[in-house]
Structure formats: structure tokens, C-alpha cells
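Student: No sequence on hand, only this structure:
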Ligand code: GRF
């Protein structure tokens, strides 16, 4: 059994972070959520993190215009809180490669499709679900994968399928995939804690 000191990175609603925080609150997960780092101080994720008592750091090109300084500040936070797991949960910025390198393969991301399909350049948010429907795929889903400096390219850890319905719009599909994400992300962390997934 392992436990992790988690740093969340989020830019928007923060519902995936919330699903993990709920699993921690319920006692299902044993890890310690330490901080939220966000590039968007007005995000729903900030409110959710604060409601849970997490420290929130706003780190963006506004607070730290210089790329190196920004990366340095993120690393300082990670060291201060002895972070050994980064959970990207709807983080719309590229994580500096120095940060990825220092985490030794302990950076997770969730993507709202079954990678390696529908990943890469431009494949975020509603675009992903539009592309799935346009391609006529009958099954979509969500993927949790390791992050390497090339986004959506790291090893796939676990996926959860979602059936695409004949009358789905990108929005209705997005809603069901998001629900699947809320189950998948805590599952992956549980499997990491139980060492049933090794990174
Ligand atoms: C999710 O669909 C996730 O797959 C993608 O961004 C969205 C974040 O949603 N990376 P939320 O902020 O967790 O509500």
C-alpha cells in the first residue's frame, strides 16, 4: 500500500479533482491532497479546492511571465509539499518539461476519449466529442495516461468505455464521458495505492 502527496493542476470546473477529493473524504483513497495549482484564479476548481481546505496557488503567465521562473516556482511548490503525484484534471496549459522530468513518471492526465484515437493537437473539450461523432464511432470513453513532454502520448494506465448513442450530440456525449471520468480517475489512484498499477 502506497500513499501519495498529490498536487492537482486544473483550469476549469474541477469536477475530476472533486471526484478524487470525494473518494479521499470517504476513506476509499488514502493519499493526501496537498495543493491545487491553477492558471485560472476564477476557476470552479479554486472554489472546490478551497472548500476542501486545499491550498491554492495561482501560477500563470500573468503571475510569472518568464517561462523559467514559472517552472521554478512550480518546482518550489512541489518540493515544499513533497509532492510525489501530479494529477492533471482539466489543466489547459503545458506542464514545463523540467517539472515532468523531476516527477519520475508520476504525472497523470485524463483525456475524454479512448486514446490513442482522438488525442493530440486541438483535441480538447467539445472538439473531442465532435470528432468522435463525426467519425461515426460507436464507442468512446475516457483514458487516464502518464504524461510525457508530448501531450496525450504517455503510457495508457486505464480506460473506461462509454457507448455513443445514435442521437448523441457532442454535448450529451461529453456529459456521459465526464461521468465515466469521475469513476475512472479515483479508480486509477486506488490501483496506484494498491500497487496494482506501477508507474
Ligand atoms: C475533462 O473532460 C477532462 O477529460 C479534460 O478536461 C475536462 C475537465 O473537466 N482533460 P473538469 O474540470 O474536471 O470538470
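Tutor: Perfect, I can see it now. Predicted model only: the values in this text are computed from it and were never measured.
Student: List the residues that contact the residue of the chain found nearest the ligand.
Tutor: Ranked by Cβ to the nearest ligand atom, the top residue of the chain for proximity to the ligand is residue 90, at 2.6 Å. The way it works is simple: take the backbone N, C-alpha and C, and place the C-beta from them, glycine included. Contacts for residue 90 were tallied using Cβ atoms under 8 Å, 6 or more residues apart in numbering; they are 10, 11, 12, 13, 14, 15, 16, 17, 45, 110.
Student: which ones among the residues you listed are found in helices?
Tutor: Assigned to helices by DSSP state H, the following of these qualify: 15, 16, 17, 45.
Student: from those residues, which would you call buried?
Tutor: Neighbour-count burial (16 or more other Cβ atoms under 10 Å) is assigned, among those, to 15, 16, 17, 45.
Student: ok, which of these also contact the ligand?
Tutor: 15, 16 (Cβ under 6 Å from any ligand atom).
Student: now the buried ones among the ones in helices among the contacts of residue 90 as a markdown table including distance to residue 32?
Tutor: Below are those laid out as a markdown table (distance: Cβ to Cβ, whole Å):
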| residue | distance to residue 32 |
| --- | --- |
| 15 | 21 |
| 16 | 18 |
| 17 | 14 |
| 45 | 18 |
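Student: out of the buried ones among the ones in helices among the contacts of residue 90, which one sits closest to residue 179?
Tutor: Residue 179 lies nearest to residue 15 out of these, by Cβ to Cβ, at 9.4 Å.
Student: Noted, bye for now.
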